[in-house]
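S.K.: predicted coordinates and the sequence they were generated for:
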Amino acid sequence: MFIAGFPAGAWGTNCYLVAPAPGEECVIVDPGHQAAAGVEDAVREHGLKPVAVILTHGHIDHVASVMPVCGARGVPAWIHPEDRYMLSDPEKALGRSLGAQLMGELTLGEPDDLRLLTDGSVLDLAGLRFTVDHAPGHTKGSVTFRTPEAPELPPVLFSGDLLFAGSVGRSDLPGGDPEALLQSLARVCLPLQDETVVLSGHGPQTTIGRERATNPYLLQVAGGAGSAAAVRRGM
């Protein structure tokens, strides 16, 4: 499996292009604010052909480039139904104004081909397989995508804003729920093998093993002492 990733936009949100190898079809994960140019650069550099966009959740820093990316390539996008409204109304999702300058540069709305994710579903795209796990807490419709273990390759978890290196996503925005986030960490992350590579929505990559041993939030839920108040202070 080949993965090209880069941070984009005002929030430094990680966008990933995932393919079986350079020169093949690829899936784009979370094309956020100002990610379209980076997507085009990666496509050109690695000879990739985008066939789908998949979204871990609906916050504007993860979906702002969905319309231009899907429109330019004629590809579908997948999002959980609980977060669908955010594609057209990002300010409602954040509970605050994005400001006229930022709103003026955005192309809001749903792509022509929008498909909905369900918990436990499997997406077979670009010769790859992604299992969808509903992981509410950061938003109601947050999901993760995980790839299966393969010979000589560890599985990969695209965690969105559920799990970061050393931290977790914030839960104080509209639709956030600190108790649900703790439950998602326990249900989605703790059962994974230590070798699982975690590619999150912000910050550097990590592994489940490293986070299981050092991340205070995973340590809390593993020990049955999760603190909703602590989760509210996450990123």
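M.R.: Happy to help now that I have it. What you see is a predicted model; the values in this text were computed from it and never measured.

S.K.: can you check the pLDDT for the nearest residue to residue 13 once chain neighbours are set aside?
M.R.: Spatial nearest neighbour of residue 13, excluding adjacent residues (C-beta to C-beta, 6 or more residues apart in numbering): residue 32 at 4.0 Å. C-beta coordinates here come from the backbone N, C-alpha and C atoms, glycine included. pLDDT, residue 32: 94.

S.K.: contacting residues for residue 32?
M.R.: Applying C-beta atoms under 8 Å, 6 or more residues apart in numbering to residue 32 gives the contacts 8, 9, 11, 13, 15, 60, 61, 62, 63, 64, 65.

S.K.: now the two most distant members of the residues you listed.
M.R.: 15 and 60 (13.5 Å; C-beta to C-beta).

S.K.: and these two? Which one has more around it.
M.R.: With neighbours defined as other C-beta atoms under 10 Å, residue 15 and residue 60 compare such that residue 15 has more, 27 against 24.

S.K.: mind checking the SS state of the more buried one?
M.R.: At residue 15 the chain is in strand, as set by DSSP: H, G, I helix; E, B strand; the rest coil.

S.K.: and the pLDDT for the residue lying closest to it once chain neighbours are set aside?
M.R.: Spatially, and ignoring its direct neighbours in sequence, residue 15 is nearest to residue 35 (4.4 Å; C-beta to C-beta, 6+ apart). Listed pLDDT for residue 35 reads 95.

S.K.: burial check on residue 35, number of neighbours?
M.R.: 27.

S.K.: how about the contacts made by residue 78?
M.R.: If you count contacts by C-beta under 8 Å, 6+ apart, then residue 78 has 52, 53, 54, 55, 114, 115, 116, 117, 123 around it.

S.K.: so which of these belong to strands?
M.R.: Among these, DSSP state E puts 52, 53, 54, 114, 115, 116, 123 in strands.

S.K.: can you add neighbour count and give the residues you listed back as JSON lines?
M.R.: As requested, the ones in strands among the contacts of residue 78 are exported to JSON lines (neighbours: other C-beta atoms under 10 Å):
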{"residue": "52", "neighbour count": "23"}
{"residue": "53", "neighbour count": "28"}
{"residue": "54", "neighbour count": "24"}
{"residue": "114", "neighbour count": "17"}
{"residue": "115", "neighbour count": "13"}
{"residue": "116", "neighbour count": "13"}
{"residue": "123", "neighbour count": "17"}
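
S.K.: low-scoring stretches of this protein, by residue?
M.R.: 95-105, 225-235 (pLDDT under 70).

S.K.: so where's the longest helix in it?
M.R.: Counting residues, the longest helix found in the chain (DSSP state H) is helix 36-46.

S.K.: contact partners of that helix?
M.R.: 2, 4, 6, 8, 15, 17, 19, 22-23, 26, 28, 31, 48-50, 65, 68-69, 72.

S.K.: ditto for stretch 204-224
M.R.: Applying C-beta under 8 Å, 6+ apart, the external contacts of stretch 204-224 come out as 154, 157, 163-168, 182, 185-186, 189-190, 192-200, 226-227, 230-231, 234.

S.K.: among those residues, which are in strands?
M.R.: Those of those lying in strands (DSSP E): 157, 163, 164, 167, 168, 197, 198, 199, 200.
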